[in-house]
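Participant: When you get a sec, could you give me coordinates for this:
(chains A and B)
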Amino acid sequence: MSAVPTTTPVPAAPRQWRDGELAVLLLLPIALINAIGFILPVLNLARYSFNKSRVGGGIEAVFTWENWAGLLSDPFYLELVFNSVWISLAITLTTLVVSYPIALYLHRASGAWRTFLTVLVISPLLTSAVVRTYGWIAILVDDGPVVGAIKALGLPAPSLMFNIKGVFIGLTEILMPYMILALMAGFGRLDPRVEEAARTLGATPSRTFMKVILPLTLPGIALGCLLCFVLAVSSFITPKLMGGGRVFLLATEIYDQAIVTLNWPLASTLSILVLIVFGAALWAYSAVLRRLD
Amino acid sequence: MTSAPEEHLRLEGIGVSFGAVNVIPALDLSVRKGEMVAFLGPSGCGKTTTLRIIAGLNKPSRGRIMVGGRDITRLPIHDRDMGMVFQSYALFPHMNVTRNVAFGLQMRNIPSRDAESRAAQALDMVQLGHLAHRKPKELSGGQQQRVALARALVIEPSILLLDEPLSNLDAKLRDEMRVQIRALQQQSGITAVFVTHDQVEALSMCDRVVVMRGGRVEQFGTPTEVYERPATAFVANFVGRTNRLKGAITAEGTLTAAGHQLRSATTLPPGAVEILVRPHRIRIDDAAETANRVKGAVSGITFIGDLVQYAVRVGDAEVVVEEATRRDRSALAVGDTVTLGWSAEDTLVYPAGEQ
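Facilitator: Numbers count the residues shown, from 1 in each chain, chains lettered A, B, ... in the order given. As a prediction, this is how the structure comes out:
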């Protein structure tokens, strides 16, 4: 009874956050997740790439340039990097060419028809790439329907499976939904009235495409290409299964080094190399966007 | 203006159907060279569809489009030589103002130096020469609309098509643009078709007005004809404001409404009728107006500034009367009894239930 307060306590006013404090607070969770889930492992990879590997999978924690020097002086790896980048670029371009008309049509479609088609585009993403890859293998194998049809026409049938052709076809189809969605996201500035204006001003359909539609869809094209290139370089299951062990790309090689040979320092070095390739792609993308603006 | 204006654009039985629905049954229209014609009507009346058919952006289900005696019905859009101004301006966002205006010339394979100097002239014409290097997004709505106009005019098209070009502008800018578009059209002597739902635009800018409803032409005439002698009750209601009274014509041919006998210049067979009188054609307590005189009680007064609106109860009907404000008018008050008078010519009579 002796400690009865003489005045009723005034409730503390709710704390006023300053803008900076609030921003830090809101960004903190994602920053933490990113630091633990991404930055730390990448730094770890970078560290491994300067460590020495021991037979049987051991890692000796000493600093050495051995992995990098070996990698950069070995023609096999240089060709691997070159092939991976070149094939991924070719796949990206093919995906773009086959996806662009679909995206353009979808952009112009409306109502239930558009919804239906969009679901159709997205639905492959709901199926595992492994399943879809096996599907392609069944279609493209030497005694499969595609080769059979070409033979029935009396043409010399190429072998489409367990070589780079199969990987090319499979990856292109697997990447198409990503490309279509990225293109559609970038088609926002494409107003049908603007196309009509070009037509009334005397532009033929092909000139309307070259002078108006294509320039206005370039941001979407850049985004789609970046996304598909990155996915193509890092794709592993499809080249592994459809290449039949005969197609060597960066991602499959990293898998082999990490899981089969157990040479983690070399796998890490290759991984960092992939990151450098991605960095270059990102730089090219932002350079394109700057020019478009 | 030539003494005998020749026909330039002709629509012959143009029709549009979507499945079993006849959006436009059959439209016939003849536009003279150098005249500006308005398509006026409520939304969904088919005016924009008709304009787009002329441009080639929509295909008619039937009928022919003739320009200068040539059938262009099957001509692709890019060969039609029409300058179109869109409601949303539809400028090319990736090109600067000069490149936008020069686009049509470039498509006609005119060397780029010529094209640019002609584009610059066109921009001067709409007083935008100083903004030649801006991108469309850096311009105001009115400026964008003027660029669109320059872009359509620079190709010296055979017909200028304007699709609600002023409806995205604010009121003051709209007034300015109305005058400017009309001046440019008359300077260049170009045939123009102007789609609008705004009767003021149609009446003030155009040589003739096509009033449309439900894909049909209700009336085609000069602004004065459409306003003074509306062909249908719909036209009278849509163009300008009117009082609507229910009335009847007796077997003897007498016109009655609200318990009064009225006189009209039009004669109709006996039956129920609708009587329309424009508010500003009615005089209050004016002994000179003798054709129609009815007594009523003032039930409301609205002062607008240059106008005063009186609501007058006549029998079971309410009649709105508009009068220019005058200092010599002894102030009327609600409840005052007044005599309304108007001429027989201003009594528009239509069969009831027409719309």
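Participant: drop to CA atoms for contacts and neighbour counts, all remaining ones
Facilitator: Will do.
Participant: Sticking with whatever residue of the stretch 151-300 of chain B ends up closest to chain A, tell me its helix or strand.
Facilitator: Closest residue of the stretch 151-300 of chain B to chain A, C-alpha to the nearest C-alpha: B:Ala152 (7.3 Å). In the assignment (DSSP states H and E), B:Ala152 maps to helix B:141-153.
Participant: Which secondary structure elements does the top helix by length along chain B sit against?
Facilitator: With secondary structure taken from DSSP state H, chain B has its longest helix at helix B:171-188. Using 3 or more C-alpha pairs under 8 Å, 6 or more residues apart in numbering or on different chains; DSSP states H and E as the contact criterion, the elements in contact with helix B:171-188 are helix B:199-205.
Participant: Go ahead and produce CSV holding the CA coordinates of the helix it packs on.
Facilitator: Extracted as CSV, the C-alpha positions of helix B:199-205 are listed here (Å, rounded to 0.1, in the frame of the first residue of the first chain):
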residue,chain,number,x,y,z
GLN,B,199,-23.4,18.5,-79.9
VAL,B,200,-21.5,21.8,-79.3
GLU,B,201,-18.5,20.4,-81.2
ALA,B,202,-20.7,19.1,-84.0
LEU,B,203,-22.7,22.3,-84.4
SER,B,204,-19.9,24.8,-84.0
MET,B,205,-17.2,23.1,-86.1
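Participant: for A:Leu106, what are its contacts?
Facilitator: If you count contacts by C-alpha atoms under 8 Å, 6 or more residues apart in numbering or on different chains, A:Leu106 has them with A:Arg114, A:Leu117, A:Thr118, A:Met184.
Participant: Next, the angle from the next helix or strand after the helix holding B:Ala152 to helix B:141-153.
Facilitator: Later in the chain than helix B:141-153, the nearest helix or strand by DSSP H and E is strand B:159-163. Relative orientation of strand B:159-163 and helix B:141-153, computed by axes from the mean of the first three to the mean of the last three C-alpha atoms, to 10 degrees: 150 degrees.
Participant: Run through who's touching strand B:159-163.
Facilitator: Defining contact as C-alpha under 8 Å, 6+ apart, one finds that strand B:159-163 is touched by B:48, B:51, B:55, B:81-87, B:152-153, B:190-196.
Participant: in a strand, that's where B:Glu12 is, yeah?
Facilitator: Yes - assessed with DSSP: H, G, I helix; E, B strand; the rest coil, B:Glu12 lies in a strand.
Participant: returning to what we had before: for the longest helix of chain B, buried residues please.
Facilitator: For helix B:171-188, the neighbour count (16 or more other C-alpha atoms under 10 Å in any protein chain shown) marks B:Arg174, B:Met177, B:Arg178, B:Gln180, B:Ile181, B:Leu184, B:Gln185, B:Gln186 as buried.
Participant: Report the angle between it and helix B:141-153.
Facilitator: With the same axes, to 10 degrees defining the directions, helix B:171-188 sits at 20 degrees from helix B:141-153.
Participant: now what about helix B:171-188, what contacts it?
Facilitator: With contact meaning C-alpha under 8 Å, 6+ apart, helix B:171-188 is reached by B:Gly34, B:Met36, B:Gly142, B:Leu166, B:Ser167, B:Thr191, B:Ala192, B:Glu201, B:Met205, B:Cys206.
Participant: Farthest pair within the residues you listed?
Facilitator: Spatial extent of the contacts of helix B:171-188 (C-alpha to C-alpha) is set by the pair B:Gly34 and B:Gly142 at 25.2 Å.
Participant: Give me the three-state assignment for the residue in the stretch 151-293 of chain A that chain B sits nearest to.
Facilitator: Going by C-alpha to the nearest C-alpha, chain B is nearest to A:Gly202 of the stretch 151-293 of chain A, at 3.9 Å. Assigned by three-state DSSP, the conformation of A:Gly202 is coil.
Participant: Can you tell me the closest non-neighbouring residue to it?
Facilitator: Nearest non-adjacent residue to A:Gly202, counting by C-alpha to C-alpha, 6 or more residues apart in numbering or on different chains: B:His78, 3.9 Å away.
Participant: Please list all residues in contact with residue 93.
Facilitator: No chain was given, so I picked chain A. Residues near A:Leu93 by C-alpha under 8 Å, 6+ apart: A:Cys225.
Participant: Actually, chain B is the one I wanted.
Facilitator: Taking C-alpha under 8 Å, 6+ apart, one finds A:Leu216, B:Lys135, B:Pro136, B:Lys137 in contact with B:Pro93.
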